[in-house]
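1. Quick one: sequence plus predicted model below, questions after.
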Amino acid sequence: MAGLSESALPAAAAEMPGGNREVYELRKYRLKDAASHDLLDAYLEKAAIPAWNRLGCKPIGVFGQMERKGKLAATEAVEPLSVFVLIPYSSLEAFGGAAARLEADAEYRAAGAPYLQAAKEMPAYDRFDSWLMLAFSGMPKIELSALSKEGKARIFEMRTYESHSESKALKKVEMFNSGEIQTMREVGLAPVFYGQGLVGGNLPHLTYLLCSESEEAHTKQFGDFGKHPVWNKLKNDPQYADTVSKIINRYLEPKAYSQI
């Protein structure tokens, strides 16, 4: 597949039969500032999410950008108003057949008609970008936090780590699988997913999503992570040097109808 290194492809493909590792599509809908966003919200809530669920894709996450209380971090993404949608698939085959199955779903077409048949002069969004990712072996499926399960107030941080070479990107994935994921769980950062970028812009990279009850709690948890002996051992291990060349942070809030 385009964007997937020759060294990564055999290992990734070998783990897909049997559904050991999920495949994620992450969409970023770029919105027009002056336009109403109700059409996109109604489509996602009433048509797309129920249809994706019928295909076995669940839970679906839908997130808007969060207004920060403090100053923006130096690495935090500053971009046009957007809505992010996370769609899990059981396999590459399930992802590949999804569009045709949606088109054949009469209930989906009926519920989504206002969005799907929107006039060119009044579109639901400007354009959307899409990335295809493979779940890490250390966390092969989405994990819902207790906050999500109980419908409590929560925030998310989505972090993307870009690398300067395919080999270094794979080393960073290995670093997460070798203890970084479990350390994040231990300090309460509540990871939702980790995905190795397969197709999309700015490859090679990985993306992951963390859940916390508030900005203050999230800041404290990351402070605890930074002091954890496992993390300090990993970051000082020479084999993991220079694995990340750029970090992009996005702070997100779940839509009321988000399943994550």
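-> Yep, it's here.

2. for residue 142, what are its contacts?
-> Residue 142 sits next to 22, 59, 86, 88, 192-193, 260 when contact means CB atoms under 8 Å, 6 or more residues apart in numbering. All C-beta spots, glycine's among them, are computed from the backbone N, C-alpha and C.

3. again, but for residue 179
-> 230-231, 233-234.

4. 10 Å - rerun?
-> By CB atoms under 10 Å, 6 or more residues apart in numbering, the contact set of residue 179 is 138, 228, 230-231, 233-234.

5. what kind of secondary structure is residue 87 in?
-> With DSSP: H, G, I helix; E, B strand; the rest coil as the basis, the three-state label of residue 87 is strand.

6. I'd like to know how many residues surround it.
-> 22 (other CB atoms under 10 Å).

7. In terms of helices and strands, where is the residue lying closest to it once chain neighbours are set aside?
-> Among residues not flanking residue 87 along the chain, residue 25 sits closest, at 4.5 Å (CB to CB, 6 or more residues apart in numbering). Secondary structure assignment for residue 25, by DSSP states H and E: strand 23-30.

8. coming back round to it: which of the contacts of residue 179 has the largest number of neighbours?
-> Within the contacts of residue 179, most neighbours by other CB under 10 Å means residue 231, with 19 neighbours.

9. Surely residue 227 is in contact with residue 221?
-> No - with contact defined as CB atoms under 10 Å, residue 227 does not reach residue 221; the gap is 11.1 Å.

10. Spit out the residues that contact these two alike.
-> By CB under 10 Å, 6+ apart, residue 227 and residue 221 have these common neighbours: residue 187.

11. re earlier: quick one: average pLDDT of the strand holding residue 25?
-> Mean pLDDT, computed over strand 23-30, is 97.

12. Going by contacts, tell me the helices and strands next to it.
-> When contacts are defined as 3 or more CB pairs under 10 Å, 6 or more residues apart in numbering; DSSP states H and E, strand 23-30 sits against strand 61-65, strand 82-89, helix 92-103, strand 127-135, strand 191-199, strand 205-212.

13. is it possible to export these to JSON lines including distance to residue 39 and mean pLDDT?
-> Below are the helices and strands packed on strand 23-30 laid out as JSON lines (distance: least, CB to CB, whole Å; pLDDT from 0 to 100):
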{"stretch": "strand 61-65", "distance to residue 39": "14", "mean pLDDT": "96"}
{"stretch": "strand 82-89", "distance to residue 39": "12", "mean pLDDT": "97"}
{"stretch": "helix 92-103", "distance to residue 39": "18", "mean pLDDT": "97"}
{"stretch": "strand 127-135", "distance to residue 39": "14", "mean pLDDT": "97"}
{"stretch": "strand 191-199", "distance to residue 39": "27", "mean pLDDT": "98"}
{"stretch": "strand 205-212", "distance to residue 39": "26", "mean pLDDT": "98"}
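
14. quick one, what contacts residue 146?
-> Each residue near residue 146 by CB under 10 Å, 6+ apart is listed here: 152, 154, 190, 211, 213.

15. Among those residues, name the buried ones.
-> 154, 190, 211, 213 (16 or more other CB atoms under 10 Å).

16. Just give me the closest of the residues you listed to residue 104.
-> Checking the buried ones among the contacts of residue 146 against residue 104 with CB to CB, the nearest one is residue 211 at 34.5 Å.

17. Residues in a beta bridge with that closest one, which ones?
-> residue 156 (DSSP bridges).

18. quick one: buried residues of stretch 95-102?
-> Buried positions in stretch 95-102, judged by neighbour count with 16+ other CB under 10 Å: 95, 98, 102.

19. Understood, closing this out.
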